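Engineer: quick one, fold the following:
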Amino acid sequence: MGAQFSQFFPPRPTFTLDDVPSLSGKVIIITGAASGIGLELTRMLYQKGATIYLAGRSESHAQNAIESIQATAFPSNTITGHLHYLPLHLDDLTTIKSTVEAFAALETKLDLLVNNAGVSQPPLGSVSKQGIELQLATNCLGPFLLTQLLLPFLNTSATTSPSAPRVIWTSSQVAELSAPPEGIIMSELQSPPPNAVRNYVTSKLGNWFLSVEFAYRYGGNGIISVAQNPGAASTNLLRNAQLMKILSWPLLHSPALAAHTVLFAACAEELDRPENNGAYVIPWGRIHPGVATGLEKHLKRAEDGGTGRAREFWDWCEERTRDYM
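Structural biologist: Residues are numbered from 1 along each chain as shown. Now for the predicted structure:
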């Protein structure tokens, strides 16, 4: 219970931008980087010299974000990086390959992928272009396909860069607090219940499952996979759930503070240790001290004493995206 309480009221960040070495020469993709936590993370990493692709739906929003960051008065000794827009529509699986092709025309490697973009509680019945419940499609299937298509670039970084490339998956505290005993009920993926909150919980636990399973599959390639709960922040994520935003207002923090969670997940050296591959990071930049037993068993494969539910979810995502590879 203490771990849950400390996620509602986290201690001050101990890992800050001052702890991040130069990122000059590093290539980064951040989805949903035009606002909220993604924007603040981009602002941070830009100050370390990284080349960052702001991946999202709206070029105008991305360009506004780029201009805002470039207009920021940084310390005089700051060596800034480069910012570019990358078109990305996570709710349409037919378009994601073109996103990767656009990236491939400019880069040969990828050092960090931050799957930050997401949607929460859209109107009931909202679906993706492929007719899939919108939260599951945007939060899980789109990022899964994007990450799979970017694997060659991550592998190149793993073999040519001194530090291991990372993939960051965005979960939420609700995955721990509200998941059913089964973890994810697989039948609900085919027939989602008429409950936007329940479907959001499924998608956020799904992100956690994908992170752990990615670490199982690609940790041997030298790629780090990290899931993270960025913390409760006042962003546009709750634009479709205004009542919840009002009720949770006392617990909401600034996006700039929540970005420290992702900064830790993206840059902290302790996550390079093999035993921490597949770790879960909580606000404002700490490895989770202990996942509840009821949930932990679903993260493990059957041969490791778990239920294999994370692997089962991965296989479902793989099957649903196979035709778009």
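Engineer: lowest confidence element among the helices and strands of this structure?
Structural biologist: Scoring the helices and strands of the chain by mean pLDDT, DSSP states H and E places helix 242-247 at the bottom, with a mean of 48.
Engineer: and the helix or strand that it is followed by, what does it pack onto?
Structural biologist: As assigned by DSSP states H and E, the chain's next helix or strand after helix 242-247 is helix 255-267. Helices and strands touching helix 255-267, by 3 or more Cβ pairs under 8 Å, 6 or more residues apart in numbering; DSSP states H and E, are helix 36-46, strand 112-115, strand 166-170, strand 224-228, strand 280-282. The C-beta positions use only the backbone N, C-alpha and C, and glycine is treated the same way.
Engineer: of all the ones you listed, which one is nearest residue 141?
Structural biologist: Closest approach to residue 141 among these (Cβ to Cβ): strand 112-115, 11.6 Å.
Engineer: list the contacts of the helix or strand following the closest one.
Structural biologist: Later in the chain than strand 112-115, the nearest helix or strand by DSSP H and E is helix 134-136. Residues outside helix 134-136 that contact it (Cβ atoms under 8 Å, 6 or more residues apart in numbering): 91, 118-122, 126-128, 189, 192, 196, 199-200, 202-203, 206.
Engineer: I'd like the helices and strands packed on helix 255-267 as JSON lines, with mean pLDDT and distance to residue 292 appended.
Structural biologist: Formatted as JSON lines, the helices and strands packed on helix 255-267 follow (pLDDT from 0 to 100; distance: least, Cβ to Cβ, whole Å):
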{"stretch": "helix 36-46", "mean pLDDT": "97", "distance to residue 292": "25"}
{"stretch": "strand 112-115", "mean pLDDT": "98", "distance to residue 292": "24"}
{"stretch": "strand 166-170", "mean pLDDT": "98", "distance to residue 292": "19"}
{"stretch": "strand 224-228", "mean pLDDT": "98", "distance to residue 292": "15"}
{"stretch": "strand 280-282", "mean pLDDT": "97", "distance to residue 292": "12"}
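Engineer: SS state for residue 86?
Structural biologist: strand (DSSP: H, G, I helix; E, B strand; the rest coil).
Engineer: check contacts around it.
Structural biologist: Residues near residue 86 by Cβ under 8 Å, 6+ apart: 29, 53, 54, 55, 56, 99, 102, 103.
Engineer: beta-bridge partners for it, please?
Structural biologist: In this entry, residue 86 is beta-bridged to residue 55, by DSSP bridges.
Engineer: phi, psi of the nearest residue to residue 83 once chain neighbours are set aside?
Structural biologist: Spatially, and ignoring its direct neighbours in sequence, residue 83 is nearest to residue 66 (4.6 Å; Cβ to Cβ, 6 or more residues apart in numbering). Per-residue torsions, residue 66: phi -60, psi -50 (degrees, to the nearest 10).
Engineer: quick one: end-to-end length of stretch 293-312, please.
Structural biologist: Stretch 293-312 has its terminal residues 19 Å apart, counting by Cα to Cα, to the nearest Å.
Engineer: can you tell me what sits against it?
Structural biologist: When contacts are defined by Cβ under 8 Å, 6+ apart, stretch 293-312 is touched by residues 175-176, 179, 181-184, 186, 208-210, 212-213, 216, 291.
Engineer: how about 6 Å then?
Structural biologist: Applying Cβ atoms under 6 Å, 6 or more residues apart in numbering, the contact partners of stretch 293-312 are 183, 209, 212, 213.
Engineer: is the last one in a helix, a strand, or coil?
Structural biologist: If I follow you right, that is residue 213. Of the three states, residue 213 takes helix under three-state DSSP.
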